[in-house]
Structures are given as C-alpha cells and as structure tokens.
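K.L.:
Pasting a predicted model and its sequence here:
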Amino acid sequence: MTFYQASFYFFAAVAVASALLVVTRRNPVHSAISLIVTLLSVAGLYLQLQAEFLAAVQIILYIGGVMVLFLFVILLVRLEVTVRQEPFNRQLWIAGFAALVLLAELGVAFYLARGGFSLPAAPPTALQPNTELIGRTLYQNYLLPFEIASLLLLVAMMGAVIMAKQR
Amino acid sequence: MTQVLEALRPYLLPAARVVIAFLGLSLIAAAMIWIERKVLAHLQVRLGPMRVGPHGLLQPIADVVKLLLKEDIVPAGADRFIFLYAPVISVVAAFTPFALVPFASNDIAPDVNVGILLLIGISSLGIFGIILGGWASNSHYPLLGALRSTAQLVSYEVALGFAIVSVLLLSNTLSLRGIVEKQAELGIWFVFLQPVAFFILFVASLAETNRNPFDLPEAESELVAGFHTEYSGFRFSLFFMAEYTAMALASCVATMLFLGGWQRPFASIRALDFLDFGLPLLIFGLATVWFVKEIFHAVSPTHRAVLVVFAGLAAGLTGSLFVPGVMEAIGGVFWFLLKVFAFLFVFIWFRGTFPRYRFDQLMRLGWHFMIPVAIANVIFCALGLILAQRPGWNLEGGVWAGNAATLLVAILLAGRRRYERVV
C-alpha cells in the first residue's frame, strides 16, 4: 500500500465515521463538530486529487463560514430540550424501507456502470493549475448560469433580511 | 540503519524547517509577553516588569512556569472533552499556516498555488477554539464572549477577503511566493499601489486577532475575561500563545501582501545597498552595546550573569554577520522579521492608544463602512486596471485613480448621518 492509498483510506474512513456521528449524536454541538471533521476530511481528499483550489474553498466557505454560523445558531438555542428529545420516531419501518430502496438503486447503478470506472491514469507530472482553469470555465463558458446563481443567492439573502426586519 | 536514513533524507529538511519555525514562533510569542508589558508600561510612563532578571527579561520564563504549575480546572457541568481540546484547536490553527509562509527567497516553504487561500482558511479554523471553548465552559460570560467573538470574526472576514482580492488584482497569482516576487518585478510594494486595501486589511486583522480597539470578546469590564474565563493554567496559556501567534501570522500576511516580504525597502535604489549589511549590523551592534552597558549597572550577581549571557548572544550575532555567506543566507529572514516586528509594535501601540469600541459601534463600522469601502476598492481598482491599458496611462496611474474613487466613497460613507443605535 502506497502512501497515497493509505491517506485516501484514512480520509475516506474518517469522513464516513464522522458523517455517521453527525446523525447519531444527540447533542447538536457534537453533531456540528462531527460535520466539521467530515468536511475537513473531504478537503483532504480534494487535496489528494491535486484540486488545491477546491480544498481551500471548502475550508474557507464550508468550515470557516457555514459551520461557524451553524454553531452560532446552535449556541442561541436551548440545548436541554433537544438533548432530551427522542432522536428516532415511529417511522422506523418506512425510513428503513426507503433506505433499502436507495441502496438497491445505488447497487443497480454501480452494476450497470461496471467497467466504466477505468479512467486514464493521471500524468506523472503535476496537473495544470486548476485555479486558472476553474476561473476560465466559470467566467467564460458558464458566465450566464454563474451570474444567475449569484442573483438567486442575493434574492435569498434579501428575503431573509426582510423577513427578519418585519418582526 | 543507513538505508533508513537514506529513505528519510527528502523529509529531513522540511522536518527541520517545521521544528525551526515552531521553536522560533514559540520564542516570538514568549518575547511578545515581555515586549507587550514593557512597551505598554513605557507608553503609560511606568517601568513595567523590573524584578525577574534585568529589566524583567526573564519574566516570560517566570510566567510560563507559573502557568504550567497551576491547577488545570474543569468547571462542573462542562462538556469535558470539548473543554479540554478547544485550546488545542486554537493553537494548531495558529501555528499550521506558517508552513506556507515564505520567510525568505531561500526558504523551502512549499509554493502552493492557492497559498493565500489555504493560509486564510486554516487560520480561520482558530475561531472554533473560541466558540467551543466558550460553549463547553457551561458558564454565561464565556458563552457571551464566544458569541461576540464569532459575530466579530465573521463580519470582518468579509472585509479582509475583499482587501486580499484587491491585491490579487495586481499580483495575478494566489501563490504567496508569487505575490512577493510580483512586487519585486514591479519595483513597487503593493502598499503604495493599494493604500486603501492595506488600511482595511490592517484594521480587519486587528479585529480578527481580537486586539484593541476591537478586543470586545475579552472586555474585562463587561465579560470578565470573555471566552477563556473558566480556563486556568496550561490551557489558558495555550489560548494566550494562540493569540500572539495569530498576531504574528496577521503581521506576516500584511508583510507578504503589502510590504514586499523579504525584500529590503527601496530594493531598486542601488545607492541604498549599504542598508543590506548596515541595518542588521546597527541593530545587533546597538543591542550588544546596550547589554554591555547594563552589565555595569546590574543590581545583583544573578542579573549580571544574565546580562553577560545576553551580551554574548548579541555579540555572537553581530560577529557572525562578518562571516562570508551568513548575510546572504539570513538577509531575507532579517527583513521579513523586521517588518513583522514593526507590525507587532503597532499592535501594542494601538492597545496603549485607542479606547475600546462598543459592540454596536464595532458592527456598524464593519458592515456600514469597512465592507462597502472594500467592495468599492475592488471594483474601482479593477476599472483602474482596464484604464491602465489605454495609451497614455500606466499601471500606477490607473490604480491610483481607482484608489481616489474609493476614497471618495469612503468620505461619503463617513459623512453620512450616524445611524440611531439599534439593539
């Protein structure tokens, strides 16, 4: 096992384990911390794929931005109530059935796509600097969708501000 | 055995750099304890620490020993695991980014092509130490301190980000080494091309590191000690160290982005070349002379012994400058650290000068002034760069026109009627 394989399995295992912790912890703060660990290990996987830009943005936006705000909101909520609440409700059978269907669907998808996973080997030298490539793609090929998406976010933000102001 | 050594060879140099950077930063943090108390004292016409060692020089050692020997208290009802490890998050997030900082052109720091993003990203993880530490304490003051701190950091990170974008417009690269080299190539530091962005970055760094006049998370009169109220001993000292290291990191970022990194001031003027050798010699020489002078004024044999050691160190440093090759090897690091220490001094100077902001004032300054000005600066400087491509214009002219437009916006914003206090 090479170093790259070892680090891949490490990051993947940490990501899966901490993702499980996110949904099983009762305390929302513990869930949030587990989610941070998940996002960090995904950033590690991006780094391994030589996608430094994605890794950096993952850390800045999701961990440094979104998760900080998550925690901020959680701290304002009374935790005692949520800790005492029953985390699972009576829909165990329905949920289990839905999960099984999803699993079967994934299994079929993997089965149909077998053999399609053989990608060409990465060139031995470093890849092209992906920051510039992402910039060109976003601002030249996909400029209109990009602008529409940012407009959508702006509208959502203004909506949230107006709803907060009305109270 | 030799095979193992042979296999480890490529890792030895990076490992050595990690160790040197870590020890050096710990030393700077320790020195900052002394420098901060001493500078503040002299700003307030006091003497500051004078007892432990000559002029209190050994005070950091006494402080560290005191903190390490204190009892490590975990409050009742605290979330034990998070409480114990929150300071570690802060320290790791403060120290790790230095792996990316190129201290000199001959530094072996990895040249990551998204260096500045990765650096900002890792250092922004430090906030989790503050939030989680404040929350896990199970106490009111730390929780309030943590909430304030979060709001403050999130607000000022936006302005900081836009100030960095203003630099990226000129540098065309995200690599830290690339940004410094671009300044060498243009022959002008970005602080002269982007003064407004420099101001915003500096103020935002003050807010990010919780320093005066933005040290609200630790406002003693309101919140006791903020998020670290319940911490004692070793874990408190970890938070303390993280704070000073974060200050050093903010200074490094400002140095690299705006002050030309490891370059000598006015590197393009040949007539000033004597500074390359002259200034280090002057600084270390003066230190030697001062320590030797103090030996004759020592109040006790212990103080005299300490002074002799310090004088010996300073004299050794001064002497080593004359060894051929040494100056070339340490020149870059010397200029870099000189700029970093100048910033750290200004941080302390501010603490001795400005009163603390009220929380609503802090938020208003951040959202109603800093962020709009930072965004205006990015837009106007981008327009200025387009203007610079027209005949009859050059880079400096275009960017300065952009800065002038930003200043106009800033004046209009500052002159606006003050908002009523909304709570």
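P.N.:
Done, it's in. Numbering: from 1, shown residues only, chains lettered A, B, ... in the order given.
K.L.:
Under the pLDDT cut-off, which ranges of chain B? List them.
P.N.:
Chain B contains residues with pLDDT under 70 at B:1, B:217-223, B:225, B:417-423.
K.L.:
What residues does it have near chain A?
P.N.:
Contact residues, chain B versus chain A (Cβ under 8 Å from any Cβ of the partner chain): B:79, B:82, B:112-114, B:117-118, B:120-122, B:124-125, B:127-128, B:131-132, B:135, B:143, B:146-147, B:150-151, B:153-154, B:157, B:174. (C-beta placed from N, C-alpha, C; glycine too.)
K.L.:
What about those, which are in helices?
P.N.:
Counted as lying in helices by DSSP state H, out of the residues of chain B next to chain A, are B:82, B:117-118, B:120-122, B:124, B:127-128, B:131-132, B:135, B:143, B:146-147, B:150-151, B:153-154, B:157.
K.L.:
buried stuff in the helix or strand containing residue B:62?
P.N.:
Assigned by DSSP states H and E, residue B:62 belongs to helix B:59-69. Applying a neighbour-count criterion of 16 or more other Cβ atoms under 10 Å in any protein chain shown, one finds B:59-60, B:63-64, B:67 buried in helix B:59-69.
K.L.:
Does residue A:155 belong to a helix, a strand or coil?
P.N.:
helix (DSSP: H, G, I helix; E, B strand; the rest coil).
K.L.:
Please report how far it lies from residue B:27.
P.N.:
From residue A:155 over to residue B:27 the distance is 52 Å, taken as Cβ to Cβ, to the nearest Å.
K.L.:
Are the strand or helix carrying residue A:148 and chain B in contact anywhere?
P.N.:
Secondary structure from DSSP H and E places residue A:148 in helix A:143-166. No - Helix A:143-166 is not in contact with chain B by Cβ under 8 Å from any Cβ; minimum separation 10.6 Å.
K.L.:
average pLDDT across that helix?
P.N.:
The average pLDDT for helix A:143-166 rounds to 90.
K.L.:
Which strands and helices lie in contact with it?
P.N.:
Using 3 or more Cβ pairs under 8 Å, 6 or more residues apart in numbering or on different chains; DSSP states H and E as the contact test, no helix or strand touches helix A:143-166.
K.L.:
Pull out the buried positions in it.
P.N.:
Across helix A:143-166, burial judged by 16+ other Cβ under 10 Å covers no residue at all.
K.L.:
Likewise for stretch B:282-294?
P.N.:
For stretch B:282-294, a neighbour-count test (16+ other Cβ under 10 Å) marks B:284-285, B:287-288, B:291-292, B:294 as buried.
K.L.:
Also stretch A:44-56?
P.N.:
For stretch A:44-56, by 16+ other Cβ under 10 Å, it's A:44-47, A:50-56.
K.L.:
Turn those residues into JSON lines, including distance to chain B, pLDDT and secondary structure.
P.N.:
JSON lines is the format used below for the buried residues of stretch A:44-56 (distance: Cβ to the nearest Cβ, whole Å; pLDDT from 0 to 100; DSSP: H, G, I helix; E, B strand; the rest coil):
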{"residue": "A:44", "distance to chain B": "12", "pLDDT": "90", "secondary structure": "helix"}
{"residue": "A:45", "distance to chain B": "15", "pLDDT": "91", "secondary structure": "helix"}
{"residue": "A:46", "distance to chain B": "11", "pLDDT": "89", "secondary structure": "helix"}
{"residue": "A:47", "distance to chain B": "9", "pLDDT": "85", "secondary structure": "helix"}
{"residue": "A:50", "distance to chain B": "10", "pLDDT": "79", "secondary structure": "coil"}
{"residue": "A:51", "distance to chain B": "10", "pLDDT": "82", "secondary structure": "coil"}
{"residue": "A:52", "distance to chain B": "5", "pLDDT": "83", "secondary structure": "helix"}
{"residue": "A:53", "distance to chain B": "5", "pLDDT": "87", "secondary structure": "helix"}
{"residue": "A:54", "distance to chain B": "9", "pLDDT": "87", "secondary structure": "helix"}
{"residue": "A:55", "distance to chain B": "7", "pLDDT": "88", "secondary structure": "helix"}
{"residue": "A:56", "distance to chain B": "4", "pLDDT": "88", "secondary structure": "helix"}
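K.L.:
now, which of those residues sits nearest residue A:109?
P.N.:
Taking Cβ to Cβ as the measure, residue A:109 lies nearest residue A:45 of the buried residues of stretch A:44-56, at 20.9 Å.
K.L.:
now the closest one, nearest residue through space, not along the chain?
P.N.:
Spatial nearest neighbour of residue A:45, chain neighbours left out: residue A:11 (5.0 Å); criterion: Cβ to Cβ, 6 or more residues apart in numbering or on different chains.
K.L.:
tell me the secondary structure for that neighbour?
P.N.:
Once three-state DSSP is applied, residue A:11 turns out helix.
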